[in-house]
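# generate coordinates for the sequence data below:
(one chain, ligands or ions: 1)
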Amino acid sequence: MKRLFTILMTCLLAATILTGCGAAGSTAASSGEGSGRLQVVATNFPGYDFARAVCGDQADVTLLLPPGTESHSYEPTPKDILTVQDCDLFIYVGGESDAWVDTILSSLDKSANTLKMLDCVDTLDEETTEGMTEEEEEPGEGEVTEIDEHVWTSPANAELIVQAIRGKMLELDPGNKESYRANAEIYLQKLDELDGAFCDFFATISNKTMVFGDRFPLRYFAERYDLNCYAAFPGCSTQTEPSAATIAFLTDKVKSEGLTTVYYIEFSNHLVADSIAEATNTQTALFNSCHNVSQQQLDAGETYVSLMEQNLETLKATMK
Ligand SMILES: [Zn+2]
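Predicted coordinates for the structure are as follows:
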């Protein structure tokens, strides 16, 4: 990480010198190639989606994570760093998977123009539930509890993040405050309805147990609706090979709970879910954790709300 950062900063400095885009030039760049509109940049899809809902036509919103890529393996390019440097509002998660942000922000004076999603909600620690295959700890690391960074997976948290983005936009661009307020109101209404629809659905479910043959980035979702979830790996694990004990535990869980479905998340090869489903004669289904979307989904205009609505339909078809 340190070496990567040195390379990036060297590139950044070179690029800054070459384009003459120093302190004086950055103001011009931040007004969006002459559009005059504020430039908002978000690291992941939820931040991007919430920001574009609030900004509407009043500001340009950029997603840093390339569509179709797995967010945990993302590393910023020198161009990305310049984009962050030049933007008017930078929205990031603040967890372990975008730890690179802290390094960049400490070298830029941007504290007023950033929004950290972890600061918008009550956070929970990343949980290791029974049966999970854990990451091997590095020597001397000891027990480390990480904050679970997937705060957006609860629609109620999504509302808090949208409100925080609205607050930032009102501060940064008071001239368009009526638009930001109206746009935010529309999206908050949708999120509220989404949350209500999940509450109504889960109220009808007798067994709220879910098994994920995958990573588990859905703790906030599970807490919100009081679910019992089991998974192969913790939320941001880079592990792909579950232990035999994990497979055995999850297989038993599916059988003993009489479940019909093993879930997997987007951009997963779902091999683990497949093998548990095969062993238990059940089916698999995708559950969107909304870290990122494919280019096709982006082009089709998918939003956080539409992806979560797909999740609701999936649950309706697979839980009873
Ligand atoms: Zn994650």
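# now for stretch 115-126, what's the gap between its first and last residues?
Length of stretch 115-126, first residue to last, Cα to Cα, to the nearest Å: 21 Å.
# please compute how far it lies from its chain's middle.
Put simply, stretch 115-126 sits 12 Å off its chain's centre (Cα atoms, centre = their mean, to the nearest Å).
# that one near the ion at all?
No - against the ion, stretch 115-126 shows no contacts by Cβ under 5 Å from the ion, the least distance being 9.6 Å. Yep, even glycine has a C-beta here, placed from its N, CA and C like the rest.
# residue boundaries of the helices in the stretch 101-250 of the chain?
155-172, 177-203, 219-224, 244-256 (DSSP state H, counting those that start in this stretch).
# how about the last one: buried residues?
The neighbour-count check on helix 244-256 (16 or more other Cβ atoms under 10 Å) flags 246-247, 249-251, 253-254 as buried.
# quick one: which of those residues is nearest Ala277?
Val254 (8.0 Å; Cβ to Cβ).
# now do the contacts for the closest one.
Contacts for Val254 (Cβ atoms under 8 Å, 6 or more residues apart in numbering) come out as 211, 262, 276, 280, 282.
# OK, contacts around the first one?
If I follow you right, that is Val211. Contacts of Val211 (Cβ under 8 Å, 6+ apart): 229-231, 250, 253-254, 257, 259, 262-263, 276.
# do the fourth one as well
Contact criterion Cβ under 8 Å, 6+ apart gives 251, 254-255, 259, 262 as the residues in contact with Thr280.
# so Gln296 is in which element?
Take DSSP states H and E as the rule and Gln296 turns out to sit in helix 295-299.
# and that helix, how far from the chain's centre?
17 Å.
# okay, now the residue of the stretch 151-300 of the chain found nearest the ion: neighbour count?
Closest approach between the stretch 151-300 of the chain and the ion, counting by Cβ to the ion: Cys236, at 4.1 Å. Number of residues near Cys236 (other Cβ atoms under 10 Å) recorded here: 20.
# can you tell me how far it sits from Val162?
Distance, Cys236 to Val162, by Cβ to Cβ, to the nearest Å: 23 Å.
# residue ranges with poor pLDDT in the chain?
1-34, 110-112, 136-144 (pLDDT under 70).
# residues from it in reach of the ion?
Listed as neighbours of the ion in the chain under the rule Cβ under 5 Å from the ion: 217, 236.
# would you mind giving the domain segments of the chain?
Here the domain assignment for the chain is 2-134+147-192, 205-318, based on automatic domain parsing.
# now do the same end-to-end measure for the shortest one.
Which is domain 205-318. Per Cα to Cα, domain 205-318 runs 11 Å from first to last residue.
# what about the contacts of Val254, which are in helices?
Counting by DSSP state H, the part of the contacts of Val254 found in helices is 276, 280.
# residues in contact with the closest residue to Glu257 other than its chain neighbours?
Using Cβ to Cβ, 6 or more residues apart in numbering and skipping the chain neighbours, the partner closest in space to Glu257 is Thr209 (4.7 Å). By Cβ under 8 Å, 6+ apart, the contact list for Thr209 reads 227-230, 253, 257, 259.
# buried ones among the residues you listed?
Here, 16+ other Cβ under 10 Å leaves 227, 229-230, 253, 259 buried among the contacts of Thr209.
# farthest-apart pair in the residues you listed, please.
Leu227 and Lys253 (13.3 Å).
# shouldn't the residue of the stretch 151-300 of the chain closest to the ion be in contact with Asp98?
No - contact criterion Cβ atoms under 8 Å: Cys236 and Asp98 do not qualify, at 10.4 Å.
# I am finished for the moment; much appreciated.
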